[in-house]
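Student: Please find the sequence and the predicted model below.
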Amino acid sequence: MGAGVSDYRLARAVSQSGGLGVVSGTGINTILLRRLQDGDPEGNVRRAIQAFPDPEVAARILQAYFVDGGREPGEPYRLAPMPAVEASLRFHQMNVLAAFVEVYLAKEGHSGPVGINFLEKIQTSNLSGIYGAMLAGVDVVLVGAGIPREIPGVLDSLSEHADVSILAHVVPAFEGQGGPVPEVRIHFSPKTTLPGYHRALRPPLQRPQFLAIVSSITLAQHLAKKASGRVDGFIVEHHVAGGHNAPPRGPLKLSSAGEPIYGPKDETSVESFRDLGLPFWLAGAYASPERFAEARALGAHGVQIGTAFAFCEESGLAPRFKTAVLKKWGQGDAAELVFTDPYASPTGFPFKVIPLSDTLADRKLYGVRNRVCDLGYLRQTIVMPDGSVTFRCPAEPTEDYVRKGGKAEESIGRKCLCNALMANIGLAQFQIGAVHPELPLLTAGDDLGVIARFARGPDGFREYTAADVISVLQGATESVPETRHESPDSASRHAPLP
C-alpha cells in the first residue's frame, strides 16, 4: 500500500481484529526521521526508541533529528543518507532503528501476528530493515516486486546475528557497452551496525515466516525449489491490485485509454498453487464477503486486502486525502476510478493511480515540478564503462539520467514516487526554491468502489475502521457498525523484548 500507509497503527488494528497486520518497509528510515522532525507529538516513536536494544545508537539518532515542538512551517526536512550498494554505517543504523520502531509499535499491547513488507527492487535497504524488524519480534516477512530467492537464507542467518549479503541487480549503463557486468553484492553486518548491543553474546532471534508475493505459478515454483531457505507460502497478486503491478507478459500493448492490456497469459491457475502444497493468499479485488468465500473455496488460506484498509480510520494516509476519496467514491460513484499508468513508476512496472486533482496525476502540475532525486529508493544499480558502480532513475533530472546511459524518452511521464509517497502520508518535503511542498500520487486497486460498502452512511460518506472491514469480510455484519475502537497509542509500553 505504499510507504507509511500501512503503518503501525493500521497493522496493529488489523492484527487485533484477527488478521495479519503488515507494516510497509518502504522508505522506513525517512519516515522515522520526518516523524522526529515533526516533534513526535504523541510520543509513540520516542517510546519505541527507548526500547531499542542499542541505546547508544538510538540516542545519537534521536539527538540528531528530534525537533521539540516540530519544524517551522515550510522548513525542509533533513534527509537520511541515500541508499547505496555500500551504504554508510549511519544509513544502516537508521534503517535498523526505523524498522524496529514500526514493528515494535505494531505489536504493542496485543499478541496477534505482525508482518513487514519489502520490495525486492529496493535491495539496498532491505537487509538492515529486516534485521531491525526481527529485533522487534516480527512474525512474517513478505517480499515481492522481483525474485527474492536469497531472502529465506538471509532470515536464517540474521536469526543468528550473522553477516549477510544478497546479489545486486546490476545492468550496463550504456547500450552495447563492452565487458562483463561485475557481480556486485550488498552486505550487512549486525555486529558492526550495533556494536553496543553485540558487546555481549546474544541468543538467536525468532526466524520469521517468509511469504513471497508473486503473480505467476512459474515464479512460485522456482522459489519453492531454489530459494536459499524455507518458503512458508505465497501471496498471489492479480494485476487489478493497487500500487505496482507485474507488467503484461510479452510486448507491451496499450488500450485506447492508454492502459496496459493483460491477456490470458497473465491469469494464474489457482489449482497450480494448491498443488504446491504451501499456504497461499489471493490478492486483488477480494474485499467482499463473496470474494473472500470464493478464495477459501478455491483452497486459499485467506486473502490480502489493501484498498479497503488504505482509506480506513487507522491508515497512515493523510486525512485530507482519505476525505477526498471517500467524498468522491464513498457513495459508490464508479464512473471514474483508477488508471493503470504504464509509465508513472520509475521501476518500469505499471502503477495504479487515482486521478485526483492537486496531485502528480494532474499533467500540468507534473509538468511544472522541478525534477529532483533526493531519496533514491527506486534507483537502478548500473555499471559505468570504467567499471564503477552508480545509480540512475528515469524520474531524476533528465540530463543526469542521459549522462549515465539512459535514454531521454525513458524519462517521459516518470514520476518521483519516493517523494510522492511521503506526501501521501503528510510528510511532504519542502524543496528549496519550490512554491509548494512535494505533491502526492495516490494509488488503489481497480476495486476502489468497494469502499462504498464500508463508507456509505445515511447522510453521505462516513469513516470506518479496520475492524469494520474484517467484520464485513467475514460476513458478521452487512453494514458498518457504529462502534469505534479505542487507540492504544497512549498505553504503557509492553514488556521488554527477549
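Tutor: Nice, I can see it.
Student: With adjacent residues omitted, what lies nearest to residue 80?
Tutor: Distances taken as CB to CB, 6 or more residues apart in numbering place residue 29 nearest to residue 80, at 4.8 Å, with adjacent residues excluded. All C-beta spots, glycine's among them, are computed from the backbone N, C-alpha and C.
Student: in which helix or strand would I find that neighbour?
Tutor: Assigned by DSSP states H and E, residue 29 belongs to helix 28-37.
Student: now that helix: mean pLDDT?
Tutor: Computed over helix 28-37, the mean pLDDT rounds to 97.
Student: What residues sit buried inside the one helix or strand residue 97 maps to?
Tutor: Using DSSP H and E, residue 97 falls within helix 89-107. Within helix 89-107, the residues scored as buried using 16 or more other CB atoms under 10 Å are 90-107.
Student: got the angle between it and helix 28-37?
Tutor: Helix 89-107 and helix 28-37 are oriented at 80 degrees to each other (axes from the mean of the first three to the mean of the last three CA atoms, to 10 degrees).
Student: got the CA positions of helix 89-107 in CSV?
Tutor: Taking Å, rounded to 0.1, in the frame of the first residue of the first chain, the C-alpha atoms of helix 89-107 are listed here in CSV:
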residue,chain,number,x,y,z
LEU,A,89,27.0,2.8,8.8
ARG,A,90,24.7,5.7,9.6
PHE,A,91,22.3,4.6,6.9
HIS,A,92,22.2,1.0,8.3
GLN,A,93,21.7,2.2,11.9
MET,A,94,18.8,4.5,10.9
ASN,A,95,17.2,1.7,8.9
VAL,A,96,17.5,-0.9,11.7
LEU,A,97,16.1,1.6,14.2
ALA,A,98,13.2,2.6,11.9
ALA,A,99,12.1,-1.0,11.2
PHE,A,100,12.4,-1.8,14.9
VAL,A,101,10.2,1.2,15.9
GLU,A,102,7.5,0.4,13.3
VAL,A,103,7.2,-3.3,14.2
TYR,A,104,7.5,-2.6,18.0
LEU,A,105,4.6,-0.2,17.9
ALA,A,106,2.5,-2.5,15.6
LYS,A,107,3.0,-5.4,18.2
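Student: List the neighbours of the helix holding residue 29 that are in contact with it.
Tutor: Around helix 28-37, the neighbours that count as contacts under CB atoms under 8 Å, 6 or more residues apart in numbering are 3-4, 7, 45-46, 61-62, 65-67, 70-71, 77-80, 91, 94-95, 97-99, 101-102, 125, 129, 375, 422, 425, 427.
Student: By mean pLDDT, point me to the weakest helix or strand of the protein.
Tutor: Across the helices and strands of the chain, mean confidence by mean pLDDT, DSSP states H and E is lowest for strand 460-461: a mean of 70.
Student: which element follows it toward the C-terminus?
Tutor: Next helix or strand after strand 460-461 toward the C-terminus (DSSP H and E): helix 466-473.
Student: circling back: okay, buried residues for the next helix-or-strand element following the helix holding residue 29 please.
Tutor: Going down the chain from helix 28-37, the next helix or strand is helix 44-50, by DSSP H and E. Applying a neighbour-count criterion of 16+ other CB under 10 Å, one finds 44-45, 47-49 buried in helix 44-50.
Student: cool, and stretch 435-451?
Tutor: Going by 16+ other CB under 10 Å, stretch 435-451 has these buried residues: 437-451.
Student: Surely residue 262 and residue 238 touch.
Tutor: No. Checked against CB atoms under 8 Å, the pair residue 262 and residue 238 is beyond contact range at 9.2 Å.
Student: before we move on, the earlier item: put the alpha carbons of the helix holding residue 29 into CSV.
Tutor: C-alpha atoms of helix 28-37 as CSV (Å, rounded to 0.1, in the frame of the first residue of the first chain):
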residue,chain,number,x,y,z
ILE,A,28,11.0,3.5,6.6
ASN,A,29,14.1,5.4,7.7
THR,A,30,12.9,8.6,6.0
ILE,A,31,9.5,8.2,7.7
LEU,A,32,11.2,7.8,11.1
LEU,A,33,13.3,10.9,10.7
ARG,A,34,10.4,13.0,9.5
ARG,A,35,8.2,12.0,12.4
LEU,A,36,11.0,13.0,14.7
GLN,A,37,11.5,16.3,12.9
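Student: Quick one: distance of that helix to the chain centre.
Tutor: Here the centre of helix 28-37 is set off from its chain's centre by 15 Å, with CA atoms, centre = their mean, to the nearest Å.
Student: again with stretch 430-448
Tutor: Using CA atoms, centre = their mean, the offset of stretch 430-448 from its chain centre is 16 Å.
Student: Check stretch 21-32 too.
Tutor: Between the centre of stretch 21-32 and the centre of its chain there are 7 Å (CA atoms, centre = their mean).
Student: mind showing which ranges of the stretch 351-498 of the chain have poor pLDDT?
Tutor: For the stretch 351-498 of the chain, residues meeting the criterion pLDDT under 70 lie at 458-460, 476-498.
Student: now with 50?
Tutor: Applying pLDDT under 50 to the stretch 351-498 of the chain flags the ranges 477-498.
Student: try the stretch 201-350 of the chain
Tutor: Applying pLDDT under 50 to the stretch 201-350 of the chain flags no residue at all.
Student: run the last query once more with 70
Tutor: Looking at the stretch 201-350 of the chain by pLDDT under 70, you get 330-336.
Student: residues contacting residue 147?
Tutor: Taking CB under 8 Å, 6+ apart, we find residue 147 in contact with 120, 219, 222-223.
Student: of those, buried ones?
Tutor: By neighbour count, with 16+ other CB under 10 Å, the contacts of residue 147 hold 120, 219, 223 as buried.
Student: Tell me the one of those nearest residue 303?
Tutor: residue 219 (19.6 Å; CB to CB).
Student: Please state the offset of the helix or strand containing the closest one from the chain centre?
Tutor: Using DSSP H and E, residue 219 maps to helix 217-226. Centre-to-centre, helix 217-226 and its host chain are 23 Å apart (CA atoms, centre = their mean).
Student: Sweet, I'm off.
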